[in-house]
Structure formats: C-alpha cells, structure tokens
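*Asks:* Structural data only, the sequence is not supplied:
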C-alpha cells in the first residue's frame, strides 16, 4: 500500500506561504490534499509557493488542482508559484504549458529569493 499524500503549510513574512506537498498528485493523492490546500489559501491576496520537491508523479487531477487554486489566487490579487519539481514532473508540466501559466522555479530557494526581494 502506498503512503498517503500530505501537505504542510509554512507561513512566511509579507503574506507569503509555502505549501509543501509530499506524495503523488494523482487523482487519489490530489483528493487527499485538496481540502487542506483550499483552507491554506482562504486569504486570496497572498503569494503562494508550491514546493513540489517531494512529488514524484502528477496527473491531470493534480494539474487541475494547481490551475484552479492559481486562478482563485489571481482573482483575489494573489499569485501561485511552482518550485523544485523533479525532472519527471517538470516534463509533464511543460507538456501541459504550465510555464506559460505560472512562474516555475528550479528550487525553493530560488523562488524565495525572487519573491522575498520583490
């Protein structure tokens, strides 16, 4: 049996949050974290970095969740950023055109540097 997909939330200064996802973002994994993700972004004016460093697989369900959450944030004046995706996950995101929809950073540190300096 596989491990459950989980997320942790890290609040940073200046209305910045990091959402760390651990596990696969297939339909089951996405279902496991979607409510917690929604609860983490009730203030839609903030900046949210999604740390994908512990995500080994993403399906259309996971990508749809990211699209919906990103849209919700943008409508409220916030934004969603992706960071630290594995090569495999990054290839899937690239094929789906996510680089045109989101700022994608190679590491969490690079995302933090870019957002905390602005």
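*Replies:* That came through, no problem. Note that this is a predicted model, so its numbers are computed, not measured.
*Asks:* confidence score at residue 1?
*Replies:* Note on residue 1: pLDDT of 61.
*Asks:* Please name the nearest non-neighbouring residue to residue 98.
*Replies:* Across the structure, with C-beta to C-beta, 6 or more residues apart in numbering as the measure, the residue nearest residue 98 apart from its sequence neighbours is residue 104 (6.5 Å). In short, each C-beta sits where N, CA and C put it, glycine included.
*Asks:* ugh, typo on my part, it should be residue 23
*Replies:* Leaving aside its sequence neighbours, residue 23 sits nearest to residue 5 (C-beta to C-beta, 6+ apart; 3.1 Å).
*Asks:* Give me the secondary structure label for the residue nearest to residue 98.
*Replies:* strand (DSSP: H, G, I helix; E, B strand; the rest coil).
*Asks:* swap in residue 8?
*Replies:* Following three-state DSSP, the label given to residue 8 is strand.
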